[in-house]
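[1] Sequence and computational prediction follow.
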2 protein chains.
Amino acid sequence: MGDTRSIDVTLFRALHLATRQVTTGVEQQLQEAAGVSLPEFEILSALAQLPDHRARPREIGDMLAWEKSRTSHQVTRMQKRGLLERFECDADMRGTWVVLSPAGARAALAAESAYVAAIEAQLGPLASSADRESLAQQLLAIGRDASPATCQGEVAALESSLDR
Amino acid sequence: MGDTRSIDVTLFRALHLATRQVTTGVEQQLQEAAGVSLPEFEILSALAQLPDHRARPREIGDMLAWEKSRTSHQVTRMQKRGLLERFECDADMRGTWVVLSPAGARAALAAESAYVAAIEAQLGPLASSADRESLAQQLLAIGRDASPATCQGEVAALESSLDR
DNA sequence: ACGCGTTCCTTGACGCGTCACCGAGCCCGG
DNA sequence: CCGGGCTCGGTGACGCGTCAAGGAACGCGT
């Protein structure tokens, strides 16, 4: 007996399922290709595309739409792994600089291409690219309309990247 | 300058964004309506729809497509909260029964309607129901095609619930 | 009856993420 | 110059999830 669930519940579950599957695949590939997790890659990538490979925690949080304590914890873990370093900030005595270590820069380089490759391996086999584009648009619409009004900046940025 | 990312990367990010937004909203509503988290609800709901409100950990894992150690940890936490109880299993001395406590049964009841309401509140404002249905189908296709071949059973179950 | 592989479940360590909270430096108004 | 509020960042506790490992019962083949 197929349960009489509303379509929305099915959609909700499908959303989770798809995200979980795709994410797991990407994380595995990223791990074996560059020895880095997805959250690690996000910070690495954010710092790598900065001219001097450094940023304040607050900036990182803004770039990634992360809470500051999340940023702090992640930086601490990556510091232990030797991917990042923390330095005092002369201009603002309560702040710090987060800087890519040499190892971190190397990892960022390796991870960047692995990241794209992994995602394309997961999502590429999907129908036409037109389908993928409209799918992305529908998902962004969900993100925009959802109630907790966090990270609208992210949505806007991604949407603008779609209409060329 | 819109970055020259491939569509797949945008799609990947959109997937995460949408899932995060919707999930956060649902969790909040579930929490304040029934005082229960989403993972807690999943176990509660699975047990509640069993005639005697009990199951072996392995069965729970199968129902939810969870690893057994995940199930074990989650049951332990919920046991501490008084939502569940563990009993020895006479038929198989190495196993246990996981049983809904009275409080758990109450919570399950309250949560079930809150869950559906919360999801509809998040996803309802979306275009037509036809759109939502095709969206769900596309997401399930992603889940089916993705490389780590976990939880294909879940995909199949949800897909069958779509074509009536 | 014995033994050995399998299944059942749990545990501990660890990564990730959130919340509540805190100390310290910054800055602006008086 | 001082005081109060703000921002900066970090910390601890906790929930969630995975992996690797392990103990104990089962059950089947001999």
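    All right, it came through fine.

[2] quick one: what helix or strand has A:E85 in it?
    Per DSSP states H and E: A:E85 is located in strand A:84-88.

[3] any idea of the mean pLDDT for the helix or strand that comes right after that strand?
    Downstream of strand A:84-88, the next assigned helix or strand under DSSP H and E is strand A:96-100. The average pLDDT within strand A:96-100 is 97.

[4] any idea of the pLDDT on A:I7?
    86.

[5] from what I can see it touches B:A136, true?
    Yes - using Cβ atoms under 8 Å, A:I7 is in contact with B:A136, at 6.8 Å. For glycine as for every other residue, the C-beta is placed from the backbone atoms N, C-alpha and C.

[6] Pick out whichever of these two has more residues nearby.
    Using other Cβ atoms under 10 Å in any protein chain shown as the criterion, A:I7 and B:A136 rank with B:A136 on top: 26 against 19.

[7] and the one helix or strand the more buried one maps to, what other elements does it pack with?
    Secondary structure from DSSP H and E places B:A136 in helix B:129-145. If you count contacts as 3 or more Cβ pairs under 8 Å, 6 or more residues apart in numbering or on different chains; DSSP states H and E, helix B:129-145 packs onto helix A:7-34, helix A:129-145, helix B:152-162.

[8] for the second one, which positions count as buried?
    For helix A:129-145, the neighbour count (16 or more other Cβ atoms under 10 Å in any protein chain shown) marks A:132, A:135-143, A:145 as buried.

[9] Kindly report the same for the first one.
    Of all the residues in helix A:7-34, those buried under the rule 16+ other Cβ under 10 Å are A:7-23, A:25-27, A:29-31, A:34.

[10] which of the residues you listed are close to DNA strand C?
    When those are checked against DNA strand C using Cβ under 7 Å from any atom of the strand, none falls in range.

[11] Report how many residues lie close to A:P125.
    The number of residues packed around A:P125, counting by other Cβ under 10 Å, is 12.

[12] try A:A46
    Neighbourhood size, A:A46 [other Cβ under 10 Å]: 19.

[13] Pretty sure A:G25 sits against B:G143.
    No - under the criterion of Cβ under 8 Å, A:G25 makes no contact with B:G143, lying 10.9 Å away.

[14] so what pLDDT did the residue positioned nearest the centre of chain A get?
    Here the mean C-alpha position of chain A is nearest to the C-alpha of A:E42 (Cα atoms, centre = their mean), at a distance of 4.9 Å. The score at A:E42 is 98. That number is its pLDDT.
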